[in-house]
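# My questions are about this predicted structure, shown below with the sequence.
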Amino acid sequence: MNLKFKFASLILNARLDKGLTQSETAEAVGISVRWVQRIESGQKLPGTLTLLRLIKLFNIDINELNEEVEIFDFVSSNTRKFVKSRK
């Protein structure tokens, strides 16, 4: 399964388990409801800061997350893109 869809499923299930709406999640993480929808539908992956906020909000174990969706590869790739764009 594609990384975006694995992550989307994990975040959607975490949100539902916690009983939060997309609006509540967006407010807690500091993003728009539309962005939450894009993440949950597998259209987009969050940036590193949003990822960390989602992990904290849903109390996701980072090691389990990495086993499930190989998120460390994503974060490493995302960070390299950010560093290149800042030069």
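Looks like it came in fine.

# ok, now how distant is the most centrally placed residue in the chain from Glu24?
Centroid check for the chain by Cα atoms, centre = their mean gives Leu51 as the closest residue, at 4.2 Å. Per Cβ to Cβ, to the nearest Å, Leu51 is found 18 Å from Glu24. No exception for glycine: its C-beta is placed from N, CA and C like everyone else's.

# how many neighbours does Ile11 have?
By the other Cβ atoms under 10 Å criterion, the neighbourhood of Ile11 contains 23 residues.

# which residues touch it?
Applying Cβ atoms under 8 Å, 6 or more residues apart in numbering, one finds that Ile11 lies in contact with Ile39, Glu40, Leu54, Phe58.

# Tell me which helix or strand it sits in.
helix 3-18 (DSSP states H and E).

# Check which element follows that helix along the chain.
Stepping forward along the backbone from helix 3-18, the first helix or strand reached (DSSP H and E) is helix 22-29.

# Can I get that next one in CSV, CA atoms only?
Taking only C-alpha atoms (Å, rounded to 0.1, in the frame of the first residue of the first chain), the coordinates of helix 22-29 have been written out as CSV:
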residue,chain,number,x,y,z
GLN,A,22,-11.8,17.1,11.4
SER,A,23,-12.4,20.7,12.5
GLU,A,24,-11.2,19.9,16.1
THR,A,25,-8.2,18.1,14.7
ALA,A,26,-7.4,21.0,12.4
GLU,A,27,-7.7,23.5,15.2
ALA,A,28,-5.5,21.4,17.6
VAL,A,29,-2.8,21.0,15.0
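
# picking up where we left off before, and of the contacts of Ile11, the nearest to Leu20?
Sorting these by how near they are to Leu20, with Cβ to Cβ, puts Phe58 at the top with 8.7 Å.

# who's in contact with the closest one?
When contacts are counted by Cβ under 8 Å, 6+ apart, Phe58 touches Ile11, Ala14, Arg15, Asp17, Lys18.
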